[in-house]
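>>> curious how this folds, go ahead:
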Amino acid sequence: QVHLVESGGGLVQAGDSLRLSCAASGRTFSTYAMGWFRQAPGKERQFVAAISRSGSTTDYADSVKDRFTISRDNTKNTVYLQMNNLKPEDTALYSCAATYRVAVTTTRPTAYDYWGQGTQVTVSS
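Numbers count the residues shown, from 1 in each chain. Here you go, the predicted structure:
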């Protein structure tokens with residue numbers, strides 16, 4: 001069992017930056033790949049970014065590429081999402097997820113085994 005807790009969300013203006021954190025407890029953090037997803041009201045859950053177990057491989061949605069950076073610190077059991085140049089369309093509930101079944105990265109929500117409760121990001125124009 002893995003417990004994931006996100007933090008770092010908030011209300012910001014367009015062009016600002018935020019760093020989200022996802023702290024994991026339970027099994028050895030380095031044994032699972034991690035992902036960030038987001039969901040806006042009335043919309044489907046959307047893949048944002050993913051990182052492999054070691055952190056050597058990352059993947060991003062086209063909409064956030066060159067603005068967002070996913071990273072992890074396996075000594076702190078934490079994965080991060082650095083979000084720069086935020087836009088109003090980035091407004092959503094951001095959730096992190098963990099998977100034991102994938103060693104590298106995956107964009108598929110169904111591939112993830114554990115999910116956090118999410119942290120709200122609101123970007124005003």
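>>> ok, the most centrally placed residue in the chain to residue 107 distance?
Central residue of the chain (CA atoms, centre = their mean): residue 36, 2.3 Å from the mean position. The gap separating residue 36 from residue 107 is 11 Å, by CB to CB, to the nearest Å. Quick note: C-beta positions are derived from backbone N, CA and C, even for glycine.
>>> quick check: neighbours shared by the two?
Contact criterion CB atoms under 8 Å, 6 or more residues apart in numbering; residues shared by residue 36 and residue 107: residue 50.
>>> just to revisit the earlier point, check which helix or strand covers the residue nearest to the centre of the chain.
strand 33-39 (DSSP states H and E).
>>> go on, residue 62?
Short version: residue 62 belongs to no helix or strand, going by DSSP H and E.
>>> that one: neighbour count?
6 (other CB atoms under 10 Å).
>>> I'm done for today, thanks for sticking with me.
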